[in-house]
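Enquirer: Below is the structure, and that's it, no one-letter string:
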């Protein structure tokens, strides 16, 4: 009898454990930004993304950039639309990277906060929000900071994608890596849809360039504690280059482990990782031959210098690419509102945004070229390869129109 | 062959960490009859204390590990006093909920105090040892050896000292042991202290290999819980064997069966063991 009840207890515990993992940390919210001043009216800008759970840092990174843009615009007096002054206020809600919570947050931001624009930083949340962002009752412009090519592919009329699709990166990366290390590639992509898509894009770019794939070893970068067994397995196929699909620090640990197990080849990082964060857990010497996004702070254009200086002054740390995304997105949105003469009609705002591009001055860190008919902004981005313990020359990874 | 040995070493490293955390969990289960969900989060705080000990205060690695062990032991005792002791006569579901509460509290506190970003404990024993085509860092060897030493020390303590035996006595029969004059309160606190110490030391050992972040406890507690179910709730040899079984299954299953089904394989082992022996491998007699 007692034995039986113990078994039930264990079952119960399992259920509880699963439930807590889902429940813990939900319901967090944070509202930042400045209130109204004088006669200016306030426009709420919605944000939903992870502020707790495994992806919390990524969420905070993008939110910091958005807050910085809003603070800059507000302290310059806001925007003027049809003679009326407007300032912005960011309303940020935590969704723990879960699409269902993004949807709940989105509805709340659209109906309660009347946000004409809602930011989201992951593909899953984007798909959830695209189910109702064009509803006639509370339409809103969905501003997506995700490089997943799927987010712009659905023909949603009120989606603005403020990041280049990652499909542009595998080809230049493959060419660079192949030339230096050889034609055999092993992949350790993440198990997420984003990671799987990246793995596929990488595989096809690599084989199109005449290379061979020795094996694909999908890994859950968020729940795995020890990466060693994956590294051992991948190395047993004798690759020249390894593709890593995780966030920065876990990628760094994989690289360190691979070097310790004697791997001498190169690495290709997906755009979820930023090299400067990878370098926090592994030495630059071990990183020799690593290809990925050129760190923002290593670029020398005036726009980058201005952004880096302002970000450092505000947050006391060096910004990465992820900090800049929603910053320049918000700048484009604010300009688009002025151009469109509306702070409420999302379709007009998007049209206005298309008209204010290109932006090539130093108000934004990257050159913003255009927004295509899918709502995808084309941005001038750069990749690099680390060699001799230093970042190499930047090479363009801007997609073709 | 070197692939096999390399994966055995990987599995043993992981298994050692699992063991140390599961041992604490099973000790506490023995006296409380409820798994302490916050145990994994004490492991997490232990990792942070080691990290700050080394980076902020410039302490030696072993000193930081010891300091972490002591601080987390005290934190464990506080948890016992504040959260579990007041509920000792309440139905077990109350302790259940209290444990979940303690877990959420610790995680939220860590995120608030230290932020959500990944940190890594600076590597100390990073030299690569190489034999027969297998390459292992010193730190991994240290993890494996230290875990074995701690397990032996714990066993000697429980079997050869009076205090140790009294912990076992309380686990077997709390009423009986208080009748013969064992202070159940003190034993409760002591158990929490030892269990938390083990968790913190496990975190300090794993720290230079893994990453330190607020949700790291969630991952380990899930595994530790599976281990004590495999081994038999409250059983010490069960936690040891279960820990190594899980670590080795994960690394060998990933190599020779399928990488995609790594966790599935581990849980399949759980299902098979529970089917054959529903009370776990080394269940205590009831």
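Expert: Great, that's in hand. Source: prediction; values computed, not measured.
Enquirer: unless I'm mixing things up, residue A:154 is touching residue A:131, no?
Expert: No - applying CB atoms under 8 Å, one finds residue A:154 not in contact with residue A:131, separated by 10.2 Å. C-beta: built from backbone N, CA, C; applies to glycine.
Enquirer: Which positions in stretch A:58-75 come out as buried?
Expert: For stretch A:58-75, the neighbour count (16 or more other CB atoms under 10 Å in any protein chain shown) marks A:58-74 as buried.
Enquirer: Residues of the stretch 201-350 of chain A that sit close to chain B?
Expert: Contact residues (CB under 8 Å from any CB of the partner chain) of the stretch 201-350 of chain A with chain B: A:217-220, A:223, A:225-226, A:228-230, A:232-233, A:236, A:247-250, A:252-253, A:260-262, A:280-281.
Enquirer: Tell me which stretches of the chain form helices.
Expert: With no chain named, the answer covers chain A. For chain A, helices defined by DSSP state H occupy the ranges A:2-23, A:56-75, A:99-111, A:123-129, A:170-181, A:193-208, A:228-235, A:248-260, A:275-278, A:302-315, A:321-340, A:346-356.
Enquirer: other chain: chain B
Expert: Ranges of helices within chain B are B:2-32, B:39-55, B:61-79, B:92-114, B:138-160, B:162-172, B:174-179, B:184-206, B:216-231, B:236-256, B:262-276, based on DSSP H.
Enquirer: Adding mean pLDDT, write these out as CSV.
Expert: Below are the helices of chain B laid out as CSV (pLDDT from 0 to 100):
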stretch, mean pLDDT
helix B:2-32, 90
helix B:39-55, 94
helix B:61-79, 94
helix B:92-114, 89
helix B:138-160, 93
helix B:162-172, 87
helix B:174-179, 86
helix B:184-206, 92
helix B:216-231, 88
helix B:236-256, 88
helix B:262-276, 83
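Enquirer: Identify whichever of these lies nearest to residue A:338.
Expert: For these, the distance to residue A:338 is smallest for helix B:92-114, at 38.1 Å, taking CB to CB.
Enquirer: Chain neighbours aside, what residue packs nearest to residue A:355?
Expert: Leaving aside its chain neighbours, residue A:355 sits nearest to residue A:339 (5.2 Å; criterion: CB to CB, 6 or more residues apart in numbering or on different chains).
Enquirer: how about residue B:223, what does it touch?
Expert: Residue B:223 makes contact with A:225, B:18, B:21, B:22, B:246, according to CB atoms under 8 Å, 6 or more residues apart in numbering or on different chains.
Enquirer: so which of these comes closest to residue B:86?
Expert: Nearest to residue B:86 among the contacts of residue B:223 is residue B:21, at 25.5 Å by CB to CB.
Enquirer: burial count for the closest one?
Expert: 30 (other CB atoms under 10 Å in any protein chain shown).
Enquirer: related to what we said a few turns ago, which among the buried residues of stretch A:58-75 are in contact with chain B?
Expert: Restricting the buried residues of stretch A:58-75 to those touching chain B (CB under 8 Å from any CB) yields residue A:60.
Enquirer: Of all residues in chain A, which one is nearest the centre?
Expert: Taking CA atoms, centre = their mean as the criterion, residue A:146 is the residue nearest the geometric centre of chain A, at 4.7 Å.
Enquirer: can you give me phi and psi for that one?
Expert: The phi and psi values for residue A:146, taken as degrees, to the nearest 10, are phi -150, psi 140.
Enquirer: Let's have the helices of chain A in a markdown table, adding mean pLDDT.
Expert: Below are the helices of chain A laid out as a markdown table (pLDDT from 0 to 100):
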| stretch | mean pLDDT |
| --- | --- |
| helix A:2-23 | 55 |
| helix A:56-75 | 92 |
| helix A:99-111 | 94 |
| helix A:123-129 | 91 |
| helix A:170-181 | 92 |
| helix A:193-208 | 90 |
| helix A:228-235 | 89 |
| helix A:248-260 | 90 |
| helix A:275-278 | 89 |
| helix A:302-315 | 92 |
| helix A:321-340 | 92 |
| helix A:346-356 | 93 |
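Enquirer: would TSV of those with distance to residue A:368 be doable?
Expert: As requested, the helices of chain A are exported to TSV (distance: least, CB to CB, whole Å):
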stretch	distance to residue A:368
helix A:2-23	38
helix A:56-75	13
helix A:99-111	25
helix A:123-129	20
helix A:170-181	20
helix A:193-208	23
helix A:228-235	38
helix A:248-260	25
helix A:275-278	22
helix A:302-315	10
helix A:321-340	6
helix A:346-356	9
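Enquirer: neighbouring contacts of stretch A:129-138?
Expert: Under CB under 8 Å, 6+ apart, the answer for stretch A:129-138 is A:48, A:102-103, A:106-107, A:110-111, A:114, A:118, A:120, A:139-142, A:154, A:156-159, A:346.
Enquirer: Endpoint to endpoint, that stretch covers what distance?
Expert: Stretch A:129-138 has an end-to-end distance of 12 Å (criterion: CA to CA, to the nearest Å).
Enquirer: how close does residue A:265 sit to chain B?
Expert: Residue A:265 sits at a distance of 15 Å from chain B (criterion: CB to the nearest CB, to the nearest Å).
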